[in-house]
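Asks: this is a predicted model, with the sequence first.
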Amino acid sequence: MEDRKRPLEEERTYTAFAGNRLIASGDLKTMVLGTKEHLDRGEADGLLIFEDQTGVQIDFDLRGTPDEALGRLSTHPRFASTEPPATVRSGPGRPKLGVVSREVSLLPRHWAWLDQQSGGISGALRSLVDEAGKHGRSRERARIARDAASEFMWVMAGNLPHFEEASRALFAKDQERFDALIHDWPEDIRHHLERLVEESVRLENEAASPDGQG
């Protein structure tokens, strides 16, 4: 799983488990405060925190007050922004669009189809490329979501009954068999895993739709 830094403003959710029990889930701030409250009660055994969208485990420094714990998020290696500051334009004129001209070789029927599209040939080609990119991103998000469910399952359910069969059913997209195999797993693990799988199915349906938006 790719481990790159993620800015705080991205819409991601996080879930903390203590043993088999879910103790906090939500956006980054909600999860941190809920987990810290749990730790401040002296319940620190078996704490694991997952990024829901990737299944990656993340460690946090939750010492001190809640404000101190939140304040350290801006310097956390996974969330600290590494983007250079935006360049402020000064002076008149339109910004450069970065347009690059290259030779394109197509069959006559392709040129004929492009000539009939609104926006001209260049506009039609740009639209086709953008559309293909959108579907590609949707497919990638769907794949990552199913991998995230698998990552969570490996960590939290690797020693539970029927784990290997459930893992195979997960990637075979055999939902009925998967649900049956995990039916007797600890409730919080099962419910969270079901939520992750539901999200992967939603993204797969979105990627398969004609407009890439479900």
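Replies: Now that the structure is in, tell me what you want to look at.
Asks: use CA for all of it now, contacts and neighbours both
Replies: Will do.
Asks: quick one, domains of the chain?
Replies: Residue ranges for the domains of the chain, per automatic domain parsing: 14-75, 123-208.
Asks: averaged pLDDT, the shortest one. What do you get?
Replies: The one in question is domain 14-75. Averaging pLDDT along domain 14-75 gives 93.
Asks: assign a three-state SS to residue 146, would you?
Replies: Judged by DSSP: H, G, I helix; E, B strand; the rest coil, the three-state class of residue 146 is helix.
Asks: quick one: it and residue 45, what's the gap?
Replies: Remark: distance between residue 146 and residue 45 (CA to CA, to the nearest Å) = 28 Å.
Asks: looking at the two, which is more packed in?
Replies: Each of residue 146 and residue 45 has its neighbours counted (other CA atoms under 10 Å); residue 146 has more, 24 against 10.
Asks: returning to that earlier point: so which of the domains of the chain gets nearest residue 117?
Replies: domain 123-208 (6.3 Å; CA to CA).
Asks: now do that closest one, average pLDDT.
Replies: pLDDT averaged over domain 123-208 gives 88.
Asks: in this protein, which spans are helices?
Replies: Secondary structure of the chain (DSSP state H): helices at 28-40, 66-71, 108-115, 120-157, 163-172, 175-181, 187-208.
Asks: on that earlier part again, a markdown table please, covering the domains of the chain and showing distance to residue 116.
Replies: Below are the domains of the chain laid out as a markdown table (distance: least, CA to CA, whole Å):
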| stretch | distance to residue 116 |
| --- | --- |
| domain 14-75 | 42 |
| domain 123-208 | 9 |
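Asks: in this structure residue 144 contacts residue 53, no?
Replies: Yes - contact criterion CA atoms under 8 Å: residue 144 and residue 53 qualify, at 7.4 Å.
Asks: ends of stretch 166-178, how far apart?
Replies: End-to-end for stretch 166-178, by CA to CA: 5 Å.
Asks: what does it rub up against?
Replies: 146, 150, 181, 182 (CA atoms under 8 Å, 6 or more residues apart in numbering).
Asks: the first one and residue 194 touch, don't they?
Replies: Right, residue 146. No - contact between residue 146 and residue 194 fails when scored by CA under 8 Å: they sit 11.0 Å apart.
Asks: ok, residue 155 - how many residues close by?
Replies: Once other CA under 10 Å is used to define contacts, residue 155 is seen to have 12 neighbours.
Asks: from residue 38, how far off is it?
Replies: On the measure of CA to CA, residue 155 and residue 38 end up 21 Å apart.
Asks: do the same with residue 13
Replies: 18 Å.
Asks: nearest to residue 21, of the helices of the chain?
Replies: Nearest to residue 21 among the helices of the chain is helix 187-208 (5.8 Å), distances taken as CA to CA.
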